[in-house]
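Student: Turn this into a model:
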Amino acid sequence: MTTRREFVSKAAALTGIAFMGCDGLPAAHAQAPRRREVVVSGRRVKTVDVHAHCGVPEAMALMGLKLAPASLVMASERIRRMDEQGIDVEALSINPYWYAAERDVVAKLIGIQNEKLAEICAAEPERFVAFASVALQFPDLAVKQLEEGVRKLGLRGAGVGGSVNGAELSDPKFHPFWARAEELGVLIFVHPQGTAELKSRLRGNGGLENTIGNPLETTLALSHLIFEGTLDRFPGLKICAAHGGGYLPSYAPRSDHICLTFPERCAAVPLKKRPTEYLKQLYFDSIVFTPEALRHLAAQVGSSRIVLGTDYPFPWTQTAVEHILATPGLSDAERAAMLGGTAAKLLGIKED
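Tutor: As a prediction, the model looks like this:
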């Protein structure tokens with residue numbers, strides 16, 4: 001297994017990693033606009049996007065998958081778009097598509113994928129960091145992949161789905177993974193895979209599998225981590241939930257009141273504190289669409305637990321920076337932390 005020091009060819013590093021684009025535009029580096037600098041209270045802020053996707057075609061091919069040619073852009077184009085949006089650093093992640101793969105296949109797939117992620121980060125160290133991929137369907141293997149990704153390849157944590165082949169992240173079989181993540185002190189980015197068990201009810205207009213299904217799975221994943229005692233067992237875990245944590249922060253007090261109104265339903269696993277208090281030991285990206293939603297998220301979980309996310313290349317939030325700048329009730333220090341300060345600390349990124 002090669003280490004980061006051995007990645008000496010920048011040109012070679014930029015091949016094999018696929019930066020998905022919204023429109024398949026060719027690279028336009030020569031016409032690149034001036035890099036936007038984000039300023040808060042007269043001070044330049046380094047912005048960090050914790051929610052940005054990419055793909056590794058060579059790894060996907062092991063499962064018979066491929067990216068549509070029209071969805072690919074070169075690294076220079078990806079950076080150009082980051083410059084336009086005012087994004088200084090992207091933390092790259094790949095949504096798990098490999099949870100159904102056999103052990104030997106997924107071991108090879110993850111090996112290729114994590115090396116390619118490390119290569120692009122070594123080639124563009126000022127612009128990219130990455131989350132390791134892990135085969136969570138084999139928890140022992142996932143532990144090794146996390147450790148290797150962090151210690152040998154310089155990756156900054158791991159990306160995982162909101163469930164694994166129907167198993168909740170709170171399942172005791174995943175405890176070794178959570179224990180190692182806690183020991184390493186790295187960030188785990190939880191991204192939903194959808195709620196396949198509700199597929200029949202999510203049919204029809206509106207793309208409900210995504211519109212409702214994705215945030216619902218995140219809500220379920222976090223709720224199980226809370227109510228099954230996982231966050232009590234591993235209090236030092238650093239978990240960041242995609243899409244503002246789904247629906248949970250919007251209706252979190254109901255989680256407290258279920259234990260007050262029907263205490264027997266919370267008796268199987270006694271918790272050390274009220275369910276809503278666990279939200280303050282999690283992190284959440286800023287993809288909640290309106291200033292009022294972001295203001296409420298900050299009021300519920302604390303502004304220090306929110307980090308900027310774009311979900312790039314999906315055009316949900318073309319103005320992710322403005323979203324934070326325009327949210328009322330935040331201090332300049334809170335805005336600067338959300339834009340990049342908090343994520344930089346979590347991901348080991350040097351601030352300017």
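
Student: contacting residues around the nearest residue to Ala132 once chain neighbours are set aside?
Tutor: Taking C-beta to C-beta, 6 or more residues apart in numbering, and ignoring the residues beside it in sequence, Ala132 has Gly149 as its nearest neighbour in space, at 3.0 Å. Where you see a C-beta, it was placed from the backbone N, CA and C, and this is true even at glycine. When contacts are counted by C-beta atoms under 8 Å, 6 or more residues apart in numbering, Gly149 is found next to Asn114, Ala118, Ala132, Ser133, Val134, Leu155, Ala158.

Student: May I have the strand or helix carrying Gly149 as PDB, with CA atoms only?
Tutor: Using DSSP states H and E, the element containing Gly149 is helix 139-151. Backbone C-alpha positions of helix 139-151 (Å, rounded to 0.1, in the frame of the first residue of the first chain) are rendered in PDB as follows:
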ATOM      1  CA  PRO A 139     -17.100  -4.000  10.700                       C
ATOM      2  CA  ASP A 140     -13.700  -5.600  11.300                       C
ATOM      3  CA  LEU A 141     -12.600  -4.600   7.800                       C
ATOM      4  CA  ALA A 142     -14.000  -1.100   8.200                       C
ATOM      5  CA  VAL A 143     -11.900  -0.600  11.300                       C
ATOM      6  CA  LYS A 144      -8.700  -1.500   9.400                       C
ATOM      7  CA  GLN A 145      -9.700   0.700   6.500                       C
ATOM      8  CA  LEU A 146     -10.400   3.600   8.700                       C
ATOM      9  CA  GLU A 147      -7.100   3.200  10.500                       C
ATOM     10  CA  GLU A 148      -5.200   2.800   7.300                       C
ATOM     11  CA  GLY A 149      -7.000   5.700   5.600                       C
ATOM     12  CA  VAL A 150      -6.200   8.100   8.500                       C
ATOM     13  CA  ARG A 151      -2.700   6.900   9.500                       C
END
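
Student: now the helix or strand just after it against helix 139-151, angle please.
Tutor: Past helix 139-151, further along toward the C-terminus, the next helix or strand under DSSP H and E is strand 157-161. For strand 157-161 and helix 139-151, the angle between their directions (axes from the mean of the first three to the mean of the last three C-alpha atoms, to 10 degrees) works out to 140 degrees.

Student: contacts for strand 157-161?
Tutor: With C-beta under 8 Å, 6+ apart as the test, strand 157-161 has contacts from 93-96, 99, 131-134, 136, 142, 145-146, 149-150, 169, 181, 186-193, 238, 346-347.

Student: Of those residues, which belong to strands?
Tutor: Among the contacts of strand 157-161, the residues falling in strands (DSSP state E) are Ser93, Ala132, Ser133, Leu187, Ile188, Phe189, Val190, His191, Lys238.

Student: pLDDT value on the first one, please?
Tutor: In this model, Ser93 is scored at 97, pLDDT.

Student: Same question for the third one.
Tutor: Note on Ser133: pLDDT of 98.
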